[in-house]
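Undergrad: What follows is a predicted protein model with its sequence.
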Amino acid sequence: MKIDKIYVINLGKSFDDITERINELQIPVGIEYHVWPAVNGNQLVSGEITKPYSWKQASSWKIQSDNEWWNRDMLPGEIGCMLSHYEVWMDVAKNGYENVLVLEEDFKVQNPFPNQELASLPEAWDFVYLGKNNVADNPDTRINDHVSVPGYSYNTHAYLLSNAGAKKLLSTDVANNLVPADEFIPSVIGVHPRKDLLDLFKVESFKGYTFNK
């Protein structure tokens, strides 16, 4: 698989710090990386900055729940994070990149770049977690020696995305139905425990995976 571009969503890290982290990836020579300016959620919510598109929290996001994340409005940082990823997806779709690697500024390299695992992906894939935390009692479902379908999981600090996948994510109109990125991706894949979020975001054709390592 050829990766066309690497995005590093960055709010506060120095360029030298990001370059050092990128070098630790030991990616094939010639892949361009772009330090993508993150949306500052505090400045956006306060009105200090604006965006050329509409955005708002999903009306169904906040519910009565024992889960502390679900019974409050989104924090400015969560809004900024979600819209940062959204803007990357728009750029992928706009420029026609076939496959990209998306990283958040604080990503850490714990394993070699997964070249062998990449070769084991099903042909029609949209999204692949390169790191995540499974929520309790939501295991992944293994489909081969290297690849699984993810269970309900948190973290969007490192993932692969195809052009088709970016367009499917954008088709949900998530900017006008904001939920945290950690909750959005499992909803699109169809593994979120909340039916209301599945009804809002699930894309039947969206193929999300994770590596077993």
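TA: Okay, I see it. Numbers count the residues shown, from 1 in each chain.
Undergrad: for the closest residue to Asp126 other than its chain neighbours, what are its contacts?
TA: Using CB to CB, 6 or more residues apart in numbering and skipping the chain neighbours, the partner closest in space to Asp126 is Gly165 (3.1 Å). From N, CA and C alone the C-beta is placed, and that goes for glycine too. Listed by CB atoms under 8 Å, 6 or more residues apart in numbering, the contact set of Gly165 reads Trp125, Asp126, Phe127, Phe206, Lys207.
Undergrad: Please tell me how far the closest residue to the first one other than its chain neighbours sits from Ala136.
TA: Read it as Trp125. Counting by CB to CB, 6+ apart, Trp125 lies nearest to Lys207, which is 5.0 Å off, once chain neighbours are set aside. Separation of Lys207 from Ala136 (CB to CB, to the nearest Å) stands at 25 Å.
Undergrad: who has more neighbours, the two?
TA: Taking neighbours as other CB atoms under 10 Å, Lys207 and Ala136 compare with Lys207 leading, 19 against 8.
Undergrad: per-residue confidence at the residue nearest the centre of the chain?
TA: Taking CA atoms, centre = their mean, the centroid of the chain lies closest to Thr156, which sits 4.3 Å from it. With respect to pLDDT, Thr156 scores 96.
Undergrad: Surely it touches Ala181?
TA: Yes. Between Thr156 and Ala181 there is a contact under CB atoms under 8 Å: 4.5 Å.
Undergrad: hey, what's in contact with both of the two?
TA: Residues touching both Thr156 and Ala181 by CB under 8 Å, 6+ apart: Cys81, His85.
Undergrad: Flag every buried residue along stretch 7-26.
TA: Tyr7, Val8, Ile9, Asn10, Leu11, Lys13, Ile18, Arg21, Ile22, Leu25 (16 or more other CB atoms under 10 Å).
Undergrad: In strands, which of these fall?
TA: Those of the buried residues of stretch 7-26 mapping onto strands are Tyr7, Val8, Ile9, Asn10, per DSSP state E.
Undergrad: what sits against the closest residue to Leu121 other than its chain neighbours?
TA: Nearest residue to Leu121, sequence neighbours excluded (CB to CB, 6+ apart): Val147, at 5.9 Å. By CB under 8 Å, 6+ apart, the contact set of Val147 is Glu117, Ser120, Leu121, Pro122, Tyr209, Thr210, Phe211, Asn212.
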